[in-house]
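J.: Got a sequence here, can you model it:
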Amino acid sequence: MLGNFLIGLREGLEASLVVSILIAYLVKTNRRALLPRIWAGVGLAIVVSLAFGAVLTYGPKGLTFEAQELIGGSLSIVAVGMVTWMILWMATAGRTLARGLRSQVDAAGESWWALPLVGTLSVGREGLETALFIWAATRAAGRDGQSTTQPLLGALLGLAVAVVVGWLIYRGTLRVNLSKFFAWTGGFLVIIAAGVLAYGIHDLQEARFLPGLNTLAYDVSDVIAPSSVLGTLLKGVFNFSPAPTVLETIAWWTYVLVVTPLFVSRLRRYHTSVTPTPATTASATPQAVGDPS
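T.: Below is the predicted model of the structure:
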């Protein structure tokens, strides 16, 4: 549940900040009449994300077990790819996020469809990533006999907190060091994504698409029982398996050992190329997440 809460919080806060930047820029440039078009785009993005989640949940039903596992494993790996891109992108995107969004608004002008499209694309990416990643986590929990409502509740709680935090930042009530927030959550999400990747590999093995289903790397079920409190906690947060296959273990370690240095290097490159300014800390306006100019 904690991992899904973090996904919902991070993705939701990104979406909230994007919406705040768009609204603040239109207000600042005396274009309040165009605000409904942004909200229309945001609403469409939410509807598309919910529809995508429904298709993921109910679409594969009725297929053979192997087909369901093949689809589930493939989509889990796609989810990991999307989240990895998000983690690496947000490590360096803070300085140019606001500037890019404002450029899109200016390019859209007063076109009746362009501004809703900006809102849809800006928020829709986070929505689709969240739906796919939470679906993968919920599916993993259901397969292991755990409650499928906890991952969903965790994600919804994270999204709710993100909306409140985004609104407080916009109103100037709350100050958050977004650079540190995205750095810490990004590092944590690397571990979570590695667990989802390993689970996706296991699904593909059960679908007979990949070999080695019965070749275990180790088995610590006697020490960490899946039904124990510790086993449930590790499974819910990190997708931990007490008896992973060799291929799962290789995938987990390869992902962590490749993505972690990439993430750290991007953070270091960003912080060495940017002199600390108020732009790295959320202040009275959403412009604090990007270029203040």
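J.: show me where pLDDT drops low in the protein?
T.: For the chain, residues meeting the criterion pLDDT under 70 lie at 1-3, 93-97, 109-112, 140-148, 173-174, 176, 178, 236-237, 270-293.
J.: ok, which stretches of it are helices?
T.: 2-28, 35-58, 65-90, 94-108, 114-143, 149-171, 178-206, 229-238, 246-273 (DSSP state H).
J.: Tabulate the ones you listed (CSV), appending mean neighbour count.
T.: In this view, the C-beta of every residue, glycine as well, is placed from N, C-alpha and C. Output for those, formatted as CSV (neighbours: other C-beta atoms under 10 Å):
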stretch, mean neighbour count
helix 2-28, 22
helix 35-58, 16
helix 65-90, 19
helix 94-108, 17
helix 114-143, 22
helix 149-171, 18
helix 178-206, 22
helix 229-238, 18
helix 246-273, 16
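J.: Neighbours of Ala33, how many?
T.: 9 (other C-beta atoms under 10 Å).
J.: Compare the helices of the chain and give me the one nearest Gly212.
T.: Minimum separation from Gly212 across those (C-beta to C-beta) falls at helix 246-273, 4.7 Å.
J.: Gly200 against Ile77, yeah?
T.: Yes - here Gly200 lies in contact with Ile77, judged by C-beta atoms under 8 Å, at a distance of 4.5 Å.
J.: residues touching Gln68, list them.
T.: Neighbour list for Gln68: Pro60, Lys61 [criterion: C-beta atoms under 8 Å, 6 or more residues apart in numbering].
J.: Export the helices of the chain to CSV and append columns for distance to Leu213.
T.: Below are the helices of the chain laid out as CSV (distance: least, C-beta to C-beta, whole Å):
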stretch, distance to Leu213
helix 2-28, 25
helix 35-58, 24
helix 65-90, 10
helix 94-108, 43
helix 114-143, 14
helix 149-171, 25
helix 178-206, 4
helix 229-238, 19
helix 246-273, 9
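J.: Of these, which is nearest Val220?
T.: helix 229-238 (9.5 Å).
J.: then the closest one to PDB, C-alphas only?
T.: Provided in PDB are the C-alpha atoms of helix 229-238 (Å, rounded to 0.1, in the frame of the first residue of the first chain):
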ATOM      1  CA  VAL A 229       3.300  -9.500   8.600                       C
ATOM      2  CA  LEU A 230       6.900  -8.900   7.300                       C
ATOM      3  CA  GLY A 231       6.200 -10.900   4.100                       C
ATOM      4  CA  THR A 232       3.000  -9.000   3.500                       C
ATOM      5  CA  LEU A 233       4.700  -5.700   4.100                       C
ATOM      6  CA  LEU A 234       7.600  -6.400   1.800                       C
ATOM      7  CA  LYS A 235       5.300  -7.700  -0.900                       C
ATOM      8  CA  GLY A 236       3.000  -4.700  -0.600                       C
ATOM      9  CA  VAL A 237       5.800  -2.100  -0.800                       C
ATOM     10  CA  PHE A 238       8.500  -3.800  -2.900                       C
END
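J.: from the chain's centre, how far out does that helix sit?
T.: How far helix 229-238 lies from its chain's middle: 20 Å, per C-alpha atoms, centre = their mean, to the nearest Å.
J.: With adjacent residues omitted, what lies nearest to Glu206?
T.: Leaving aside its sequence neighbours, Glu206 sits nearest to Glu69 (C-beta to C-beta, 6 or more residues apart in numbering; 4.5 Å).
J.: list the contacts for the one you found?
T.: Counting by C-beta under 8 Å, 6+ apart, Glu69 makes contact with Asp203, Leu204, Glu206, Ala207.
J.: With adjacent residues omitted, what lies nearest to the first one?
T.: Pointing back at Asp203 there. In space, Asp203 is closest to Gly73, 3.1 Å off (C-beta to C-beta, 6+ apart).
J.: residue contacts, that neighbour?
T.: Gly200, Ile201, His202, Asp203, Leu204, Glu206, Ala207, Phe209.
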